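Engineer: pasted the sequence and its predicted model underneath.
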Protein chains: 2
Amino acid sequence: MSKDGATLALRGRLLWFVGDPHEIGEAAHRYVEDGLLVIENGLIRAAGEAKELLPTLPGGAAITDHRPHLIMPGFIDAHIHMPQTQVVASYGAQLMEWLNKYTFVEEQKLAQQGHAQKLSAFLLDELLASGTTTAAVYCSVHKGSAEAFFVESHRRNTRMIAGKVMMDRNAPPALTDTAESGYADSKDLIGRWHGKGRQLYAITPRFAVTSTPEQMAASQRLVEEHPDCFVQTHINENRAEIAFARELYPDAADYAGIYEDYGLLGKKSLLGHCIHMTKREWRAFAAHGAVAVFCPTSNLFLGSGLFDWDRARREGVKVAVATDIGGGTSYSMLRTMAEAYKILQLQGQSLSAFEALHAITLGNTVALGLDHLIGSFEPGREADIVVLDPAATRAMAHRLETVRDLAEEFFVLVTLGDERNVAATYVAGELVSACSTN
Amino acid sequence: MSKDGATLALRGRLLWFVGDPHEIGEAAHRYVEDGLLVIENGLIRAAGEAKELLPTLPGGAAITDHRPHLIMPGFIDAHIHMPQTQVVASYGAQLMEWLNKYTFVEEQKLAQQGHAQKLSAFLLDELLASGTTTAAVYCSVHKGSAEAFFVESHRRNTRMIAGKVMMDRNAPPALTDTAESGYADSKDLIGRWHGKGRQLYAITPRFAVTSTPEQMAASQRLVEEHPDCFVQTHINENRAEIAFARELYPDAADYAGIYEDYGLLGKKSLLGHCIHMTKREWRAFAAHGAVAVFCPTSNLFLGSGLFDWDRARREGVKVAVATDIGGGTSYSMLRTMAEAYKILQLQGQSLSAFEALHAITLGNTVALGLDHLIGSFEPGREADIVVLDPAATRAMAHRLETVRDLAEEFFVLVTLGDERNVAATYVAGELVSACSTN
């Protein structure tokens, strides 16, 4: 296979992005009806017309024929919680009650031997079955939870971003670290895992509510010492949360100001939710290049509110999209974008299929600053690939009978699609998931 | 089988409702862990403990063992458009543009020989595969579309409510009837189909925007002459629609007043959407006993707005729930209720799993006045049944490992479930759909 230097070629309908369709329209995507994707050493060597590339293949190259399926870069999920795969679909609460009643209960189980490994393996398999090949992952407060996740990800050779959550207040005692232990554990994990194989580290103070000023300062030290690591946290999801955060940091200009004061609002900072943002907060995000992470199914399920994507665009703020399992309700980035569309529709905004498919591939990698590695079929990119069958369900096959162009076909895929449409997933050129059993 | 007088018994976990859980809590449902549902002549004869009922079965009774699956009354969908199964997931428009750009284009195809038959067969099969055994169905303006739908439904012995749409303005010429032809065609269809086998007729002026006062008056005549028929129409979905309707009927008190003036706001009237309602309109609904039909996936997809269920309850207005395919995006009543939950959460309201499962079974049949025939397992009810596997997907099976009670299990089913969870569907005691291929 490709790892050994041999060449693998996938034949099918190729779709990838080279720019943002919201900005440059049709010029943003590349589509090849009878395409060939050539993979060598786990990297994309070429993508183009099959008839042009087939003669260039070396002898002994393996060709997998995925026609008539659609071949795209693997999907990217910018915010997900590994310990919450058994919290999904917990009833009747908004954010703060939901954390205390369900999430913090489940997260305590990660202290048990083997549980973090089990949940990590489940999550990675489910992501791959959903066509997601990279995610930014919150582990639990336990150092071993991040260790377990990285072990499982490294074993699968997936490019994952993850970090141990830091929380030193407003959580059950069994789920708190201290400013110093959170710092030390994170630093050790960074040393062990950041840049090992395809693994990347995210410094992860959960949110201002669960970190003391001392822990925020320790997080700042980590960021200063490891500027190439990501930072991930939450902001402006729910009004009660916002009020609590402001109460805990009365000197900050606003919620964003809390992170700003501790140097946590930078280009590599991924801030989940950003629903209830002040004008100054939007400006602060733009000034620092911080990323607003839109989590549609979670924002609806927890009743948090409607993310204003048009506003983010007007303010020049980078946006990533994410499932936010377990506040979110689907592992599928297709389903996630279907709900994103609905949230935007409620605000008189829209989201084309090309914009949605860009968002979950190149768009997210640009926001994460990883577009030089993943998210497209440019030569040299890592060969993380999803193969999609847009007609996977009877209702979709029936609907597709009347579509007149690619935009319509892909909109059906985004609106009605989910993990059932994933025919195969490749990680660095290796087939890891074929024909989801979902 | 049961039609021939022989007895069929289904063994599994039985769940049905005898009241509204929002009003009487736990007393509203009946749950039998190891239950038996006994069916004779297509009707429920008994539902209870297997150990008590097994000895009472006659010799030769067939027993189908569905353990550990959940056996419920078939789901009810109170508003769906047969001609729109190939309109689902049409991009980027709110109501009025969506009608003109997509829906009216597809509906014209129903004039073609065989097309209404094809779409009717597809819809009925898809509904049954989704566990839905009764629906209130809009056909197209063509008399033959309703004829074709009834033929297909009668062949399947499904209890369906349907009607030919009446439109005599503000639609393409190929899609308009006249006040007189709409009346005559509807009357003929009522004579042919209302009460034939399990078929029921709904007098169907599409909405005030597409009917002249003359057609509204003709609809009123139909209602007066056939008071046992349903009436189905649309109201208060979208602000542009409301403004247009008010402009067309300047003398009406409000949008509800238009229907009220023509005697179309009665106990058998099913009014889709009811999102933007005035105080007087809520009162008019309550006074006349009219039914507000909540269509969650459609209301989000078309960006129409958020249905206020608490308000409907406070005003004493009956509520039914529905998919509204093709404005809606799923045939599954489970998925529909997951999005209902999200809409309510955005308004600080909630919806328990028992409330959701009640809504799509007994709740809808009470709203439709059909609870003496369907919607529960009371002896004598028609044996329309859905068998559900709550662990049908890997993500659901994983999540169910941690549920502690039925309320949690069923909430997972409602939140993450869809047609994949339908293990079998029975219509009047006959197995019609097993293991959805979706």
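Structural biologist: The structure has been received and is ready for your questions. Residues are numbered from 1 along each chain as shown, chains lettered A, B, ... in the order given.
Engineer: close to chain B: what parts of the stretch 251-400 of chain A are there?
Structural biologist: When proximity is defined by Cβ under 8 Å from any Cβ of the partner chain, the stretch 251-400 of chain A lies next to chain B at A:300-303, A:305-306, A:329-331, A:338-339, A:341-342, A:344-348, A:350, A:352-353, A:393-395, A:398-399. Bear in mind the C-beta positions are built from the backbone N, C-alpha and C, glycine included.
Engineer: and if we set it to 6 Å?
Structural biologist: Residues of the stretch 251-400 of chain A lying close to chain B (Cβ under 6 Å from any Cβ of the partner chain) are A:300-301, A:303, A:329, A:342, A:345-346, A:350, A:393, A:395, A:398-399.
Engineer: what's the most distant pair in those?
Structural biologist: Largest separation among those by Cβ to Cβ: A:303 and A:398, giving 33.5 Å.
Engineer: all strands for the stretch 51-200 of chain A, in order.
Structural biologist: Along the stretch 51-200 of chain A, counting by DSSP state E, counting those that start in this stretch, strands occupy A:62-73, A:75-81, A:132-138, A:161-163, A:165-166, A:200-205.
Engineer: turn those into a markdown table, columns for distance to residue A:240.
Structural biologist: Shown next, in a markdown table, are those (distance: least, Cβ to Cβ, whole Å):
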| stretch | distance to residue A:240 |
| --- | --- |
| strand A:62-73 | 38 |
| strand A:75-81 | 20 |
| strand A:132-138 | 20 |
| strand A:161-163 | 25 |
| strand A:165-166 | 20 |
| strand A:200-205 | 19 |
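Engineer: in CSV: those, plus mean pLDDT.
Structural biologist: Shown next, in CSV, are the strands of the stretch 51-200 of chain A (pLDDT from 0 to 100):
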stretch, mean pLDDT
strand A:62-73, 98
strand A:75-81, 98
strand A:132-138, 98
strand A:161-163, 98
strand A:165-166, 98
strand A:200-205, 98
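Engineer: same list, the ones you listed, but as JSON lines with mean neighbour count and distance to residue B:58 please.
Structural biologist: Output for the strands of the stretch 51-200 of chain A, formatted as JSON lines (neighbours: other Cβ atoms under 10 Å in any protein chain shown; distance: least, Cβ to Cβ, whole Å):
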{"stretch": "strand A:62-73", "mean neighbour count": "19", "distance to residue B:58": "53"}
{"stretch": "strand A:75-81", "mean neighbour count": "29", "distance to residue B:58": "55"}
{"stretch": "strand A:132-138", "mean neighbour count": "28", "distance to residue B:58": "54"}
{"stretch": "strand A:161-163", "mean neighbour count": "27", "distance to residue B:58": "62"}
{"stretch": "strand A:165-166", "mean neighbour count": "28", "distance to residue B:58": "62"}
{"stretch": "strand A:200-205", "mean neighbour count": "28", "distance to residue B:58": "65"}
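Engineer: quick one: which of those is nearest residue B:175?
Structural biologist: Proximity to residue B:175 (Cβ to Cβ) singles out strand A:62-73 among those, at 34.1 Å.
Engineer: before we move on, the earlier item: which among the strands of the stretch 51-200 of chain A is found nearest to residue B:173?
Structural biologist: strand A:62-73 (38.2 Å).
Engineer: elements contacting the closest one?
Structural biologist: Contact partners of strand A:62-73 among helices and strands, from 3 or more Cβ pairs under 6 Å, 6 or more residues apart in numbering or on different chains; DSSP states H and E: strand A:7-17, strand A:385-388.
Engineer: what does stretch A:15-31 contact?
Structural biologist: Contact with stretch A:15-31 is made by A:70, A:72-73, A:354-355, A:358, A:362, A:376-377, as judged by Cβ atoms under 6 Å, 6 or more residues apart in numbering or on different chains.
Engineer: cool, and stretch A:113-121?
Structural biologist: A:82, A:85, A:109-110, A:144-145, A:148-149, A:152.
Engineer: go again using 10 Å as the cut-off
Structural biologist: A:81-86, A:106, A:108-110, A:112, A:137, A:139-140, A:142-153, A:155-156, A:160, A:162, B:398, B:401 (Cβ atoms under 10 Å, 6 or more residues apart in numbering or on different chains).
Engineer: now, of those, which are buried?
Structural biologist: Among the contacts of stretch A:113-121, those buried by neighbour count (16 or more other Cβ atoms under 10 Å in any protein chain shown) are A:81-86, A:106, A:108-110, A:137, A:139-140, A:142-153, A:156, A:160, A:162, B:398.
Engineer: please save the CA atoms from the lowest-mean-pLDDT helix or strand in chain A in CSV.
Structural biologist: When each helix and strand of chain A is scored by mean pLDDT, DSSP states H and E, strand A:430-434 comes last, with a mean of 87. The C-alpha coordinates for strand A:430-434 follow below in CSV (Å, rounded to 0.1, in the frame of the first residue of the first chain):
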residue,chain,number,x,y,z
GLU,A,430,-4.8,3.7,3.9
LEU,A,431,-8.4,2.4,3.7
VAL,A,432,-9.7,2.4,7.3
SER,A,433,-13.5,2.3,7.0
ALA,A,434,-15.6,0.9,4.2
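Engineer: grab the most central residue of chain A for me.
Structural biologist: The residue lying closest to the centre of chain A (Cα atoms, centre = their mean) is residue A:77, at 1.5 Å.
Engineer: go ahead and confirm it touches residue A:365.
Structural biologist: No - at 11.6 Å, residue A:77 does not count as touching residue A:365 under the criterion of Cβ atoms under 10 Å.
Engineer: mutual contacts of those two, please.
Structural biologist: Common neighbours of residue A:77 and residue A:365 are listed as A:134, A:320 (criterion: Cβ under 10 Å, 6+ apart).
Engineer: taking the stretch 151-300 of chain A, what residue is nearest to chain B?
Structural biologist: Nearest to chain B in the stretch 151-300 of chain A, going by Cβ to the nearest Cβ, is residue A:300, at a distance of 3.8 Å.
Engineer: before we move on, which element is that residue in?
Structural biologist: Residue A:300 belongs to helix A:296-301 when assigned by DSSP states H and E.
Engineer: how about that helix: buried residues?
Structural biologist: By neighbour count on 16+ other Cβ under 10 Å, the buried set for helix A:296-301 is A:296-301.
Engineer: can you name the next helix or strand after that helix?
Structural biologist: In the C-terminal direction from helix A:296-301 (assignment by DSSP H and E), the next one is helix A:309-315.
Engineer: in that next one, what counts as buried?
Structural biologist: Across helix A:309-315, burial judged by 16+ other Cβ under 10 Å covers A:309, A:311-312, A:315.
Engineer: need the contact list for the residue of the stretch 51-200 of chain A found nearest chain B.
Structural biologist: Of the residues in the stretch 51-200 of chain A, the one nearest chain B is residue A:89, at a distance of 3.7 Å by Cβ to the nearest Cβ. Taking Cβ under 10 Å, 6+ apart, we find residue A:89 in contact with A:102, A:301, A:326, A:328-329, B:338, B:341, B:353, B:395-396, B:399-400, B:403, B:408, B:411-417.
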